[in-house]
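[1] Need the 3D shape of this:
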Amino acid sequence: MTTRKLLSMTLSLTATLAFGAGYARRALADKPAAGATKPAAAAPAAGAAPTDCKAFGGGKCCDPAVTAHLPKAAVFKACGESDATFLGEVGSKETCKYVFKVEGEKADDTFVQVYAPAQKEVPDSPNDPFFSWKKVGKTFLTDKAKSPKAAPMMANSTGLWMPGKGYFVSVNASTKVCSKAEAAKLAPSIK
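    Numbers count the residues shown, from 1 in each chain. This next block holds a predicted model:
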C-alpha cells in the first residue's frame, strides 16, 4: 500500500469515528438517564402566552418580557391588592396594564400600567416637562407637578421610571389602587 493511500484511509477512518462519537454523544445527551425525573418546564418564551393569565375586558394577556419588569405579585404586595381584587390584565406590544376592582370606581381608573420599550439611547433620568422627579433607590418617583394643568394628573396617579440598558421602564399607578407611599414601596421591585 502506498503512503498516500494509507494516509487517505487513516483520515477517512478518523473522520468517521469522530462523526460517530459526536452523533452518539448527542443521542445520549437527548435521552434521559434511567430513573431520571422529567426536567422542569422552561419559562415561557417572549411572546408566548403565560398559563396563569387572566385577560381583562376581551384584551389579550401581557407579554412575559414586559411583566418580568414588574410582576403582578410585586404589585399585590406593595399596593395591598390580591387575587380577590384583581380583575385581569390587558397586554399590548410593550405595555401591560394590571386592572383592579375598587368599590365605587370604574375599571378604567383602577390600574397599574407597565411600559417597557426598547430604546437605543436611554437617559439617566426622566426628561419630563410636566413633573419633577425624585430618586428612590435606582428608580425615580414623580414628586411635584410643574404646572397647575399637570396637578390633576398627579392627584390621580403616581409615576415611576427606571433606566435600563437598551430599555427603560415606566410605571403609571392609579392612586385608587396604589397610594404614593405604596408606589414608593413598589419602586424597588422594578427590574
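
[2] Would you map the helices across the protein?
    Shown for the chain, the helices assigned by DSSP state H span residues 3-30, 64-67, 72-79, 151-156, 180-186.

[3] Tell me who's in contact with K144.
    F131, S132, M154 (C-beta atoms under 8 Å, 6 or more residues apart in numbering). Quick note: C-beta positions are derived from backbone N, CA and C, even for glycine.

[4] Take those and write them to JSON lines, including neighbour count.
    Shown next, in JSON lines, are these (neighbours: other C-beta atoms under 10 Å):
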{"residue": "F131", "neighbour count": "20"}
{"residue": "S132", "neighbour count": "12"}
{"residue": "M154", "neighbour count": "18"}
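
[5] just the residues you listed: which has the poorest pLDDT?
    Across the contacts of K144, the smallest pLDDT goes to M154, namely 89.

[6] so which of the contacts of K144 comes closest to E81?
    M154 (21.6 Å; C-beta to C-beta).

[7] how does the protein divide into domains?
    1-29, 64-189 (automatic domain parsing).

[8] Worst mean pLDDT among those domains?
    Mean pLDDT, when computed for each of the domains of the chain, is lowest for domain 1-29, at a mean of 37.

[9] For stretch 62-71, buried residues please.
    Across stretch 62-71, burial judged by 16 or more other C-beta atoms under 10 Å covers C62, D63, P64, A65, V66, T67, H69, L70, P71.

[10] same deal with stretch 173-185?
    Judged by neighbour count (16+ other C-beta under 10 Å), stretch 173-185 contains these buried residues: A173, S174, T175, K176, V177, C178, E182, A183, A184, K185.

[11] Which residues does the first one form beta bridges with?
    When assigned by DSSP bridges, A173 has beta-bridge partners V112, T158.

[12] quick one, what contacts M153?
    F130, A145.

[13] how close does it sit to T175?
    M153 sits 10 Å away from T175, going by C-beta to C-beta, to the nearest Å.

[14] what's the answer for F168, then?
    For F168, the distance to T175 (C-beta to C-beta) stands at 22 Å.

[15] do the same with G59
    For G59, the distance to T175 - C-beta to C-beta - is 23 Å.

[16] ok, now K106?
    Distance from K106 to T175, by C-beta to C-beta: 14 Å.

[17] still on that earlier bit, of the contacts of K144, which is the nearest to Y98?
    M154 (20.7 Å).

[18] can I assume the closest one is in contact with A145?
    Yes - counting by C-beta atoms under 8 Å, M154 does reach A145; the two are 4.4 Å apart.

[19] for the residue nearest to K120 when sequence neighbours are not counted, what are its contacts?
    Take K120 and drop its neighbours on the chain: the residue closest to it by C-beta to C-beta, 6 or more residues apart in numbering is G166, 7.3 Å away. Contact partners of G166, counting by C-beta under 8 Å, 6+ apart, are A118, Q119, K120, V122.
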